[in-house]
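In: what follows is a predicted structure for the sequence shown.
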Amino acid sequence: MPTVSSRGDAMRGLAVFISDIRNCKSKEAESKRINKELANIRSKFKGDKTLDGYSKKKYVCKLLFIFLLGHDIDFGHMEAVNLLSSNKYTEKQIGYLFISVLVSSNSDLMKLIIQNIKNDISSPKPVHVNLALHCIANIGSVEMSEAFGQEVPKLLVSAHASASVKQSAALCLLRLIRTLPEAMTYAEWASRVIHLLNDQHMWLTAATSLIHTLSQLSPGDYKGCVSLAVSRLSRIVTSTYTDLQDYTYYFVPAPWLSVKLLRLLQCYPVPEEPAVRGRLVECLETILNKCQEPPKSKKVQHSNSKNAVLFEAINLIIHIDSEPNLLVRACNQLGQFLQHRETNLRYLALESMCLLAGSEFSADAVKKHRETVINALKTERDVSVRQRAVDLLYAMCDKTNSEEIVAEMLAYLKKADYAIREEMVLKVAILSEKYASDYTWYVDTILKLIRVAGDYVSEEVWHRVIQIVINRDDAQGYAAKTVFENLQAPACHENMVKVGGYILGEFGNLIAGDERSSPLVQFNLLHSKFHLCTPSTRALLLSTYIKFINLFPEIKPTIQNVLQNNNQLRNADVELQQRALEYSQLSSITSQDVLATVLEEMPPFPERESSILAKLKKKKPASVQVSLVGCFMCKDHATMSVLLNHIPVWVSLTPYLSPTFASVQVRYHSPILAPSLLLQLYHRPFPTMSLVFTYFDCAFNLFMFKNSGVLFENALIQVGVKCEFKEQYGRVGLFFGNKTGNQLQNFAAAVSLGPEHQGKINVATQKEPPSQIDGGAQVQHFINLECISMFSGSPNLQLRYQHSSAPQQVTLKLPVIINKFMEGVDMNSGDFFSRWKQLGQPTQETQKIFQARHPIDTEAARTKLTGFGMCALTNVDPNPENLVGSGIIKTKTSQIGCLLRLEPNKQAKMYRLTVRSSVGEAAALICSMLEEHF
């Protein structure tokens, strides 16, 4: 900073004016003094053409102070612009300050301002360059982006620019990119910008923020930053290095830079290079280890900075989603925070565990904390923490614990905060529908839900229970009996009356044999609620009454008296009046046969997407929306994974089935409920640009061991996948989410088979996506598959669409691999080695000895083997450290048996992998696929 003269520092007139304002006793006195000063400044600007720079600076400062007091300033702008031409730092500084605060982006003076900024950017004085860059960033208009979009990057990569100028240039360029990304050329500067990560100055934090944004907009051009970011992170967190130790904050080295580097790494899949991947895993392990150490300070700043790095590291671990050890350790660390005295830590721990619940590797570890979460739900004083506890219970629910979790949520619902009751009702309805083991539990749960929180039960919920009861013959009698019993309660919610009216109107005859629920008793019970209901419910009950006439002719006169009552025929509500009149005439003039035909039982509803989950997302989009600033990619991936795991899928494979397989249908967890719940993801819009992607398959390898997750994501679109396979048949559900606020037009998705797949895979589209995707919306695309014979590789998925009139193209690998058609086969030791000897021909075996790419962990390897599709056999190999597996690849033309033996050498950190198969090609292919993942 240059030395400023005492005269420039003082501005005595400004000090006197501020003192006068502070001494004013009333608002009127202040306004009088300000008006006097404004008149004086106006006269000076108009009358004195020889004002020196000091005087202009002083008067401009007074105008700024007056503006900050809330008064409008409509002159002095030109004088402020003139100050930009001064060679004195203080005068130029005040000029830029005035322009940044008071000059609008559409001012007539903007061209003159831009010219002055250009002069200062090329100045040899770093302080002048910094002032100009700050002004550009503060205004941040489209005109500024167009004028300086190509100039600012030159300063950023200049060998002669100082560290302070580079820092200002990085932040300035970040603002311009967010304003007008189309004005930037990303690839031109990519390699030089990436290598800024090697800089030794702390301005690296600003550069990392810039690279993070560039990586989201142009991931292909900036993928080289991954190895540099890992290297820099390693030098910060590993104790053997002293990199940036001067920037230690309360015993935490460079916490802000560490957080930004961890966020940057979440923009890309896990590195494929073994050395880089190993170094990254080492960094994450180090961060987790440091959190177990005793705190080095009792200051809150120490714990805050330490936990900031920890939570961002956990976000990265969730994003990677392929390191079981790290995922379980992260879950255990978060579990310790669940009972921490700090409310914010409890909140963040619950939020992060919601994401961990979506990983197949850490889901079981999350479930171990169920009792702690339930206790938090009951005892936590902060409503936001209780809400996160509900979210976590929802995320960790599966078919093994669904009844307990639903019971706890129902119990809490009675005293839950009103703000979250409707959301809880929707979640209970979704879980009970998805994981119902039998219809009695499901019906009881929904009816209890209506009793406990009837005001918050939306139409989607009670409509859904009626659909399911109508579609299940064995549920109808129990539902009629149960709803009849619930209607007998003195205080009965109107939603219960709706459900009771509909179900008894359809299936009341199933319980009419009991005197306690005879036809007349059913009618009187429903009619006793009639006068307490709203017109819409009364209309439904009138329909129930006419149904009763068909079911129970013996009570026809009683019902006709009600329909012909003046209260109904002359009702002020037109709908009720019309129904009463038409139903009365229908029951009087038609024969019993005609009446039976008109009022026959409702046919089963077609299986379709349920609107309950969509209702939940509309009610609380924040439950699935994750900020793009701060753990951007990580949470989106994990959240998508959680949601995809909550989509029950009904797969009908009949068009592809052979006669012996025609009766088989693939269903989800619930044996009696098979809806497809609608998935809708909402994302905050992000600045976009025209991009053409040729290939982005880094995330593809993760799908070798799992069937759902995020396949691809950029600033415009997110592609989620959920697959199901049964023998040689498969179904792939693709979910395309528009992450922008604008419509994606001319959208098309097509699966293309390469020459190596022709005749080996049959592909048929079941449901095409629409040609337009609205901003923030999500659409679905379903593909049916049949494996004809052995194949390698996978088909391609080509996406084409237009965003802001710019054509976009993305080509991805569809996660359809030969191991997806493999089914594990359980064997004992004798059967395994007998079959192993039978496959002893040289052409039937492939063996590879290779260096371990990950720490050798028997349980983690067993998990991967199971995810691959094989049955990991226990107590088969004499060496308990060895892993053996067996499976059958099922195709239309043949069934290919495969046996595997994995022998680790922990001392040498190596593996020997042996695969034997009845088809040598299959053994070689499986061996090469698995080699990269152990």
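Out: Ah, there it is.
In: could you chop the chain up by domain?
Out: 397-599, 696-816, 819-932 (the TED database).
In: can you give me the helices for the stretch 501-650 of the chain?
Out: Under the criterion DSSP state H, counting those that start in this stretch, the stretch 501-650 of the chain contains helices at 519-527, 535-551, 556-563, 566-569, 574-589, 592-598, 612-619, 632-644.
In: now the ones you listed as TSV including distance to residue 780 and mean neighbour count?
Out: (Glycine included, C-beta is placed from N, CA and C.) Shown next, in TSV, are these (distance: least, C-beta to C-beta, whole Å; neighbours: other C-beta atoms under 10 Å):
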stretch	distance to residue 780	mean neighbour count
helix 519-527	40	18
helix 535-551	32	20
helix 556-563	45	17
helix 566-569	45	13
helix 574-589	36	16
helix 592-598	37	12
helix 612-619	12	20
helix 632-644	11	25
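In: out of the ones you listed, nearest to residue 261?
Out: With C-beta to C-beta, the closest approach to residue 261 among the helices of the stretch 501-650 of the chain belongs to helix 632-644: 13.3 Å.
In: kindly provide the whole-number mean pLDDT of the closest one.
Out: Here helix 632-644 scores 35 as its mean pLDDT.
In: picking up where we left off before, just put the domains of the chain in TSV and tack on mean pLDDT and distance to residue 360.
Out: What follows is the domains of the chain, written out as TSV (pLDDT from 0 to 100; distance: least, C-beta to C-beta, whole Å):
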stretch	mean pLDDT	distance to residue 360
domain 397-599	88	11
domain 696-816	84	6
domain 819-932	87	7
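In: the helices of the stretch 501-650 of the chain: which one's closest to residue 482?
Out: Nearest of the helices of the stretch 501-650 of the chain (C-beta to C-beta): helix 519-527, 13.6 Å.
In: report the angle between that closest one and helix 535-551.
Out: Taking axes from the mean of the first three to the mean of the last three C-alpha atoms, to 10 degrees, one finds helix 519-527 and helix 535-551 inclined to each other by 170 degrees.
In: how many degrees apart are helix 519-527 and helix 556-563 in direction?
Out: Inter-element angle recorded for helix 519-527 and helix 556-563: 20 degrees (by the same axes, to 10 degrees).
In: helix 519-527 packs against which elements?
Out: helix 473-487, helix 494-507, helix 535-551, helix 556-563 (3 or more C-beta pairs under 8 Å, 6 or more residues apart in numbering; DSSP states H and E).
In: 7 Å instead, please
Out: When contacts are defined as 3 or more C-beta pairs under 7 Å, 6 or more residues apart in numbering; DSSP states H and E, helix 519-527 packs onto helix 494-507, helix 535-551, helix 556-563.
In: for the longest one, what is the distance to the chain centroid?
Out: Looking back up the chat, that one is helix 535-551. Its chain's average C-alpha position is 44 Å from that of helix 535-551, according to C-alpha atoms, centre = their mean, to the nearest Å.
In: do the same with stretch 368-376
Out: 24 Å.
In: over to stretch 881-891?
Out: Averaging C-alpha positions (C-alpha atoms, centre = their mean) puts stretch 881-891 34 Å from its chain's average.
In: can you check stretch 907-916 too?
Out: 38 Å.
In: any buried residues in it, and which?
Out: Residues of stretch 907-916 classed as buried by neighbour count (16 or more other C-beta atoms under 10 Å): 911, 913, 914, 915, 916.
In: if we can go back for a sec, could you dump the helices of the stretch 501-650 of the chain into JSON lines with distance to residue 752 added?
Out: Output for the helices of the stretch 501-650 of the chain, formatted as JSON lines (distance: least, C-beta to C-beta, whole Å):
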{"stretch": "helix 519-527", "distance to residue 752": "59"}
{"stretch": "helix 535-551", "distance to residue 752": "51"}
{"stretch": "helix 556-563", "distance to residue 752": "63"}
{"stretch": "helix 566-569", "distance to residue 752": "64"}
{"stretch": "helix 574-589", "distance to residue 752": "54"}
{"stretch": "helix 592-598", "distance to residue 752": "52"}
{"stretch": "helix 612-619", "distance to residue 752": "32"}
{"stretch": "helix 632-644", "distance to residue 752": "24"}
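In: low-confidence ranges, the stretch 151-300 of the chain, go.
Out: Low-confidence segments of the stretch 151-300 of the chain, defined by pLDDT under 70: 201-202, 239-246.
In: how does it look with 90?
Out: In the predicted model, the stretch 151-300 of the chain carries pLDDT under 90 at residues 151-164, 166-167, 177-207, 214-224, 232, 234-254, 268-274, 290-298.
In: quick one, helices of it?
Out: Using DSSP H, counting those that start in this stretch, the helices of the stretch 151-300 of the chain run over residues 152-157, 163-179, 186-194, 204-217, 225-237, 255-265, 274-292, 300-320.
In: for residue 801, which of the ones you listed is the nearest?
Out: Ranking the helices of the stretch 151-300 of the chain by proximity to residue 801 (C-beta to C-beta) places helix 204-217 first, at 16.8 Å.
In: which strands and helices sit next to the closest one?
Out: helix 163-179, helix 186-194, helix 255-265.
In: for residue 865, which of those is the nearest?
Out: With respect to residue 865, and counting by C-beta to C-beta, the nearest of these is helix 255-265 at 27.7 Å.
In: hmm, back to that, quick one, which of the helices and strands packed on helix 519-527 is nearest to residue 481?
Out: For residue 481, the closest of the helices and strands packed on helix 519-527 is helix 494-507, at 9.4 Å, according to C-beta to C-beta.
In: what residues does the closest one touch?
Out: Defining contact as C-beta atoms under 7 Å, 6 or more residues apart in numbering, one finds that helix 494-507 is touched by 450-451, 454, 457, 462, 465-466, 469-470, 476-477, 479-480, 483-484, 486-487, 522, 526, 529, 533-534, 537, 540-541, 543-544, 547-548, 601-602.
In: any chance of the helices and strands packed on helix 519-527 in CSV, with distance to residue 122 too?
Out: Below are those laid out as CSV (distance: least, C-beta to C-beta, whole Å):
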stretch, distance to residue 122
helix 494-507, 72
helix 535-551, 72
helix 556-563, 90
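In: out of those helices, nearest to residue 82?
Out: It's helix 535-551; of these, that one is closest to residue 82 (C-beta to C-beta) at 70.9 Å.
In: elements contacting the closest one?
Out: Applying 3+ C-beta pairs under 7 Å, 6+ apart, one finds that helix 535-551 makes contact with helix 494-507, helix 519-527, helix 556-563, helix 574-589, helix 592-598.
In: wait, isn't residue 471 in contact with residue 603?
Out: No - look at residue 471 against residue 603 with C-beta atoms under 7 Å: they stay out of range, at 9.5 Å.
In: of those two, which one has the most company?
Out: The residue with more neighbours, out of residue 471 and residue 603, is residue 471; 19 against 8, by other C-beta atoms under 10 Å.
In: what sits closest to that one if chain neighbours are left out?
Out: residue 604 (4.6 Å; C-beta to C-beta, 6 or more residues apart in numbering).
In: how close does the one you found get to residue 461?
Out: According to C-beta to C-beta, to the nearest Å, residue 604 stands 20 Å off from residue 461.
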